[in-house]
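Visitor: Any chance you can model this:
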Amino acid sequence: MAIIKSLSFIVFLAIMPSFNVAHTHDCYYDEPTEHVEYICDGPIGEHFNQRTYKILYCHNYDSEIHRSAIKSLGFRNCLISEMTSTSVNLWDFDSLRVLNISYFGFKTLPDYLLRDNIQLERFIVSHNRLTEVPVILFDTTPEITEVDFSFNEFNQIYPLLFDNTRKLRVANFSFNMIDMVKAPAFSNLRELETLDLSSNNIDAVNSDLFAYNKKLKTLNLNDNQVKRLDCEFLATLAENDALDIFINTLEEVQTTCDSGEKHFDLDIVVSPKESSTRLHVSDGQFKWIFSEIEFIKLRRLSLSNGQIKSSIEIIDDDINIDESNLIMWQLNAIEYLLAFMVLILIFVCVFFIAATCSRNRNYNKNLSIFSVEQSLMRNDNNQYQKIKSQQFC
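Guide: Take a look at the predicted model:
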């Protein structure tokens with residue numbers, strides 16, 4: 001009997017690790033959204049690959065969870081610098097719609113990462129150390145509608161990356177090191193509605209960069225180095241139904257624009273409710289909307305003739321901005337004219353004063369000479385009378 005008990009205990013010890021592996025996955029399951037949050041607590045590697053089989057058992061859920069039923073997958077407290085075949089195994093996630101692999105510390109991603117997730121719609125890989133991603137990353141995900149590459153180290157956006165993402169509506173590349181965006185980068189994204197390029201090093205925007213993005217509604221260029229928007233760039237946006245461009249680094253703004261056969265008049269609206277400068281485009285109409293602070297910081301405002309009174313619209317009575325503010329700008333075209341007129345007036349006044357002073361000096365000089373001549377004439381007359389008197393005698 002004792003031998004039997006001993007053998008039973010040994011068998012229990014043998015199967016206990018397998019039982020633990022099958023029932024102690026470090027994850028939490030949200031049934032309404034079919035989302036699984038996997039807890040790494042450090043490096044992940046083989047840990048995730050070997051312990052997440054086709055069936056998962058999460059801490060907060062009594063029933064088994066099939067991989068094929070999971071629609072959203074995220075990770076917490078994971079830290080690896082390089083993804084390998086054993087890092088994150090996404091096989092058998094046939095229904096996966098959302099994948100969030102943020103805060104991993106990734107420097108690169110493998111080509112095959114998403115090859116088995118053809119239903120994927122949202123891909124979030126923010127807060128990593130990516131400098132580039134494979135151009136074929138999305139080749140097997142034609143249903144994707146949103147990508148988030150924010151808070152990485154990209155210095156450019158490769159055009160081929162979005163060759164197979166024609167349904168993409170939202171793209172976030174904020175807080176990277178992008179200094180150049182080539183024109184073909186977004187040419188295939190005909191459904192693109194929101195593009196965030198804020199907090200990069202972009203200093204110029206190509207005129208045809210968004211020529212094919214007619215559904216673009218929000219473009220965020222805040223905290224870059226773009227100082228002005230050219231007429232050619234505005235011309236490509238005229239056909240958009242409704243578009244807001246956020247840009248808080250402008251130093252030069254023009255309210256009239258001629259580009260080939262197209263002419264645009266841009267109205268100006270000042271509002272304290274705005275957090276930054278915004279260019280609103282609607283059915284070929286352009287409107288600059290400024291916050292009070294950004295409006296005052298402008299270095300150049302180019303106004304067309306007769307637009308001073310009609311172009312400035314104050315939409316809040318608490319803002320104390322009038323036409324005198326425009327005159328204070330150093331490079332305003334109207335200021336040039338006024339300054340030129342003042343200079344002419346000053347020149348005329350100085351010339352008149354100088355001429356008057358010169359005449360006064362000449363008059364005093366002539367007066368002195370005349371006095372001397374009169375004195376000499378009196379002396380000569382007295383001498384003549386004296387000589388004549390002597391001769392008479």
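
Visitor: make it CA atoms for all contacts and neighbour counts henceforth
Guide: Fine.

Visitor: where exactly do the strands run in the stretch 51-200 of the chain?
Guide: Remark: strands assigned in the stretch 51-200 of the chain by DSSP state E, counting those that start in this stretch are 55-56, 65-66, 72-78, 98-100, 122-124, 146-148, 170-172, 194-196.

Visitor: Can you list the neighbours in contact with the longest one?
Guide: When contacts are defined by C-alpha atoms under 8 Å, 6 or more residues apart in numbering, strand 72-78 is touched by residues 33-44, 96-104.

Visitor: hmm, 6 Å instead?
Guide: 35-43, 96-100, 104 (C-alpha atoms under 6 Å, 6 or more residues apart in numbering).

Visitor: quick one: which of those residues is nearest residue 194?
Guide: Using C-alpha to C-alpha, residue 98 comes nearest to residue 194 of the contacts of strand 72-78, at 18.3 Å.

Visitor: quick one: residue 341 and residue 168, what's the gap?
Guide: Separation of residue 341 from residue 168 (C-alpha to C-alpha, to the nearest Å) stands at 56 Å.

Visitor: Likewise for residue 99?
Guide: Look at residue 99 and residue 168: by C-alpha to C-alpha, they are 15 Å apart.

Visitor: before we move on, the earlier item: can I get the strands of the stretch 51-200 of the chain in CSV with mean neighbour count and mean pLDDT?
Guide: Output for the strands of the stretch 51-200 of the chain, formatted as CSV (neighbours: other C-alpha atoms under 10 Å; pLDDT from 0 to 100):
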stretch, mean neighbour count, mean pLDDT
strand 55-56, 20, 72
strand 65-66, 17, 86
strand 72-78, 18, 83
strand 98-100, 20, 95
strand 122-124, 20, 97
strand 146-148, 19, 98
strand 170-172, 19, 98
strand 194-196, 20, 97
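
Visitor: could you dump the ones you listed to CSV with distance to residue 156?
Guide: Converted to CSV, the strands of the stretch 51-200 of the chain look like this (distance: least, C-alpha to C-alpha, whole Å):
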stretch, distance to residue 156
strand 55-56, 39
strand 65-66, 39
strand 72-78, 27
strand 98-100, 22
strand 122-124, 18
strand 146-148, 15
strand 170-172, 13
strand 194-196, 14
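
Visitor: between those strands, which gets nearest to residue 246?
Guide: Across those, the minimum distance to residue 246, taken as C-alpha to C-alpha, is reached by strand 194-196, at 9.5 Å.

Visitor: so after the closest one, what's the next helix or strand?
Guide: Counting by DSSP states H and E, the next helix or strand C-terminal to strand 194-196 is strand 218-220.

Visitor: Quick check: buried residues in that next one?
Guide: Neighbour-count burial for strand 218-220 flags 218, 219, 220 (criterion: 16 or more other C-alpha atoms under 10 Å).

Visitor: which non-adjacent residue is nearest residue 202?
Guide: With sequence-adjacent residues excluded and distances taken as C-alpha to C-alpha, 6 or more residues apart in numbering, residue 202 is closest to residue 179, at 4.3 Å.

Visitor: CA atoms only for stretch 111-128, dumped as PDB, please.
Guide: Listed next in PDB are the C-alpha coordinates belonging to stretch 111-128 (Å, rounded to 0.1, in the frame of the first residue of the first chain):
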ATOM      1  CA  ASP A 111       9.200  40.600 -42.300                       C
ATOM      2  CA  TYR A 112       6.800  37.800 -41.400                       C
ATOM      3  CA  LEU A 113       5.300  39.300 -38.300                       C
ATOM      4  CA  LEU A 114       1.800  39.700 -39.700                       C
ATOM      5  CA  ARG A 115       1.800  37.100 -42.400                       C
ATOM      6  CA  ASP A 116      -1.000  35.000 -40.600                       C
ATOM      7  CA  ASN A 117      -3.200  37.900 -39.600                       C
ATOM      8  CA  ILE A 118      -5.000  38.800 -42.800                       C
ATOM      9  CA  GLN A 119      -8.000  40.200 -40.800                       C
ATOM     10  CA  LEU A 120      -5.900  42.700 -38.900                       C
ATOM     11  CA  GLU A 121      -7.400  46.200 -38.800                       C
ATOM     12  CA  ARG A 122      -5.300  48.200 -36.200                       C
ATOM     13  CA  PHE A 123      -1.600  47.900 -35.700                       C
ATOM     14  CA  ILE A 124      -0.100  49.800 -32.700                       C
ATOM     15  CA  VAL A 125       3.700  49.800 -32.300                       C
ATOM     16  CA  SER A 126       4.300  53.100 -30.500                       C
ATOM     17  CA  HIS A 127       7.000  53.900 -27.800                       C
ATOM     18  CA  ASN A 128       9.700  51.600 -29.200                       C
END
